[in-house]
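Q: Got a predicted structure here, sequence first:
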Amino acid sequence: MKIIVCVKQVPDTEANIKIGADNKSIVEAGIKFIINPFDEFAIEEAIKIKEAGKAESVIAIGWGPERSQEVLRTAVAMGVDDVVLLKTDAVSIDSYTAAKILAAKIKTMSYDLILTGKETIDDGNMQIGPMLGELLNIPCVTLVTKLDVDGANLSAKREIEGGYEVVETACPAIVTCQKGLNEPRYPSIRGVMLAKKKVVAVEPAAAEADQITVTTMAYPAARSGGKVVGQGAEAVPALVKLLHEEARVL
Amino acid sequence: MSTILVITEIQNNDYKKASLEAVSQAGKLAGALGQPVTALIIGAGVQAKSAQLGEYGATTVLTADDAKLANYNPDYYKAVVVKAVQETGAATVIFSATTQGNDLAPRVAATLQTSLAADCIALDATGGKLLAERSLFAGKVFAKIELAAPVRIVSLRPGVFPVIQQSGKTATVKPLSLPALESKLVVKQVSKTGGDKLDVTDADIIVTGGRGMRSADGFKHIEDLAGKLGAAVGATRAVVDSGWRPHSEQVGQTGKVVSPKLYIMCGASGSIQHWAGMSGSKCIVAINKDPEAPIIKRADYSIVGDVFEVLPALTAEVAKIKS
């Protein structure tokens, strides 16, 4: 079995996001970039399947600007065999553009399973997996918290509203990963050394024009907030009164 | 004539509130876009409910009624929606950004070779153009966006748009001739552990616990209050990482982004990642023993005190005003 993992570089969750002078993009200077946390579950799962002797190779594909090489090195350090960056400098929040970039490359490759995060935490779109499934014409199972692969088939436990379901399908297939699936490992020293030496293959992405464009950006309205109603249980009646009469939310 | 097509969802034999919000918002745009509203209902035995959607702004209701559609299957549902788009010639398609909508909408968009503006918190039309607003970086920034696709597909964040009801209006109900329903996915088991429990993204009120709840058992106090309020239970990342609560309840940048009417935060300091996921709440209440906790400074109302004393008192007080 051959596994492809799609990974994206995103601003750290701790990052303070600043809007640029053009009022429609963010200032990248000063931001620490990390691997999309949900993609780490995808990498870990792929490596686990390989370690179990069920896959012969794991290839990570990244998309984005030059700096995205870093997350592909993280993937190598964790244990993937090979990496490729589909380079595009265009800042986009249109997942269909990204899905087409990935699909164009993946169509030239041989694979049995594609793993990626359930969403990227920058635009929170949750679209790459299901869109790739359609573009490649393969089944897609989202929000997976347990995965069993057995040669030509897979069984996945996935989150649904108020519970879970178990779905089976045939490979090739795409699975979007989330917390609960596994515990992503820290790279080993040997892995980090390997990653340092790794030459990341960089290919120009076959990017098309976005159909969704940002016209302006703004910060959320500052909350006036900060009314301490009181101390301990005796403040409860006053709080309930405020919620009922002033805020009108009860 | 073109139309605005709204994809509705049924739960427990009734419309999801998010679906009524979506139909209402479509009704508000109908004039500006010069397109009437068609609502699509998918399921088994859904005919009876259909005319009622007229009260929320639908002119026409299409029903896709088949035993195979009783439970959500992404391939079946996608085929049905694509058929409805093609049959109605819809130029605008509106989903709700629910668990199901988030899974279904991108499949429909890619099949129709178009983009999806997901999880929108505002939707407007001027001069035939569709303008939306959505949060980026889990609410640290808001972006106004424009959709240039020939078929414009959006999903709306639940709980943000108002439900607008005009009694007495009815819609014309028509069955949709069903496409071939084929799927390579086989559902082997469905487990609704939570029963009819509300998902945090659907709830008007959320009661969230942090590490200050001390243990999984400590969440009994959170559940009691949530039960009295008809609220969903939320959790911080620390709580989910400790295994006290399932990941499906996690609110924040690596969990779910929510916009309820009332968010009650108990025993949690309010990290930047958590704040990003819930700062869109209309009213935020914090209960925390530390008067210096960031959440105390940012919440609309707060009580400084021990959650194990304040929560039972709050549950009792809410019970009083509810009765």
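A: Structure's in. What do you need? Numbering: from 1, shown residues only, chains lettered A, B, ... in the order given.

Q: For the rest of this, base every contact and every neighbour count on C-alpha atoms.
A: Noted.

Q: Tell me which helix or strand comes right after the least confident helix or strand in chain B by mean pLDDT.
A: For chain B, counting by mean pLDDT, DSSP states H and E, strand B:10-11 ranks last in confidence among helices and strands (a mean of 87). Counting by DSSP states H and E, the next helix or strand C-terminal to strand B:10-11 is strand B:14-15.

Q: Wait, residue B:245 touches residue B:237, no?
A: No: applying C-alpha atoms under 8 Å as the test, residue B:245 and residue B:237 come out as separate, 9.5 Å apart.

Q: Quickly find the element holding the most centrally placed residue in chain B.
A: Nearest residue to the geometric centre of chain B (C-alpha atoms, centre = their mean): residue B:158, 3.1 Å. Remark: residue B:158 resides in no helix or strand, with elements defined by DSSP H and E.

Q: quick one: contacts for it?
A: Taking C-alpha atoms under 8 Å, 6 or more residues apart in numbering or on different chains, we find residue B:158 in contact with B:17-18, B:21, B:96-98, B:201-202, B:259.

Q: what's the answer for residue B:94, then?
A: Residue B:94 is in contact with B:4-7, B:22, B:26, B:153-156, counting by C-alpha under 8 Å, 6+ apart.

Q: Would you map the strands across chain A?
A: For chain A, the strands defined by DSSP state E cover A:2-7, A:9-11, A:33-35, A:57-64, A:82-87, A:113-117, A:140-150, A:153-160, A:163-170, A:173-177, A:201-204, A:212-218, A:227-231.

Q: Report whether the third one contacts chain B.
A: Put plainly, it is strand A:33-35. No: contact of strand A:33-35 with chain B is not found when judged by C-alpha under 8 Å from any C-alpha of the partner chain; the minimum separation is 12.6 Å.

Q: what does the last one give?
A: Yes: for a cut-off given as C-alpha under 8 Å from any C-alpha, strand A:227-231 has contacts with chain B, namely A:227-231.

Q: Now render those residues as JSON lines, adding pLDDT and neighbour count.
A: Formatted as JSON lines, the residues of strand A:227-231 next to chain B follow (pLDDT from 0 to 100; neighbours: other C-alpha atoms under 10 Å in any protein chain shown):
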{"residue": "A:227", "pLDDT": "91", "neighbour count": "15"}
{"residue": "A:228", "pLDDT": "95", "neighbour count": "20"}
{"residue": "A:229", "pLDDT": "96", "neighbour count": "19"}
{"residue": "A:230", "pLDDT": "96", "neighbour count": "16"}
{"residue": "A:231", "pLDDT": "96", "neighbour count": "18"}
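
Q: Closest one of these to residue A:105?
A: residue A:227 (54.6 Å; C-alpha to C-alpha).

Q: and the nearest residue to the closest one once chain neighbours are set aside, what is it in contact with?
A: Computed as C-alpha to C-alpha, 6 or more residues apart in numbering or on different chains, the closest residue to residue A:227 that is not its neighbour in sequence is residue B:301, at 4.9 Å. By C-alpha under 8 Å, 6+ apart, the contact list for residue B:301 reads A:225-229, A:239, B:284-286.

Q: And residue B:289, by the same measure?
A: B:267, B:304-307.

Q: how far away is it from residue B:307?
A: Noted for residue B:289: a distance of 7 Å to residue B:307, by C-alpha to C-alpha, to the nearest Å.

Q: And for stretch B:16-23, what's in contact with it?
A: With contact meaning C-alpha under 8 Å, 6+ apart, stretch B:16-23 is reached by B:6-10, B:37, B:39, B:53, B:56-58, B:94-96, B:98, B:156-159, B:161-164, B:202.

Q: change it to 7 Å
A: B:6, B:8-10, B:56-58, B:94, B:96, B:156, B:158-159, B:161-163 (C-alpha atoms under 7 Å, 6 or more residues apart in numbering or on different chains).

Q: And the furthest pair within those residues?
A: Using C-alpha to C-alpha, those span at most 19.5 Å, a distance reached by B:58 and B:159.

Q: higher neighbour count, the two?
A: Shown here are residue B:58 and residue B:159; by other C-alpha atoms under 10 Å in any protein chain shown, residue B:58 has more neighbours (28 against 22).

Q: helices or strands up against the longest helix along chain A?
A: Across chain A, the longest stretch assigned as helix under DSSP state H is helix A:37-51. Contacts defined by 3 or more C-alpha pairs under 7 Å, 6 or more residues apart in numbering or on different chains; DSSP states H and E place helix A:37-51 against strand A:2-7, strand A:113-117, strand A:173-177.

Q: what's the angle between that helix and strand A:2-7?
A: For helix A:37-51 against strand A:2-7, the angle by axes from the mean of the first three to the mean of the last three C-alpha atoms, to 10 degrees is 160 degrees.

Q: How far away from the center of its chain is helix A:37-51?
A: Distance, stretch centre to chain centre, for helix A:37-51: 12 Å (C-alpha atoms, centre = their mean, to the nearest Å).

Q: Can you check which of the strands of chain A gets nearest to residue B:76?
A: So among these, strand A:140-150 is nearest, using C-alpha to C-alpha, at 13.0 Å.

Q: so who does the closest residue to residue B:281 other than its chain neighbours touch?
A: Leaving aside its sequence neighbours, residue B:281 sits nearest to residue B:259 (C-alpha to C-alpha, 6+ apart; 4.5 Å). Taking C-alpha under 7 Å, 6+ apart, we find residue B:259 in contact with B:159-160, B:278, B:280-281.

Q: re earlier: report the buried residues of the longest helix of chain A.
A: A:37-50 (16 or more other C-alpha atoms under 10 Å in any protein chain shown).

Q: With stretch B:292-312 instead?
A: Buried residues in stretch B:292-312 (16+ other C-alpha under 10 Å): B:293-308, B:310-312.

Q: Narrow the residues you listed to those in strands?
A: Per DSSP E, these map to strands at B:301-304.

Q: For residue A:15, grab phi and psi.
A: phi -60, psi 140 (degrees, to the nearest 10).

Q: Pretty sure residue A:31 is one of the things it touches, is it not?
A: Yes: counting by C-alpha atoms under 7 Å, residue A:15 does reach residue A:31; the two are 6.0 Å apart.
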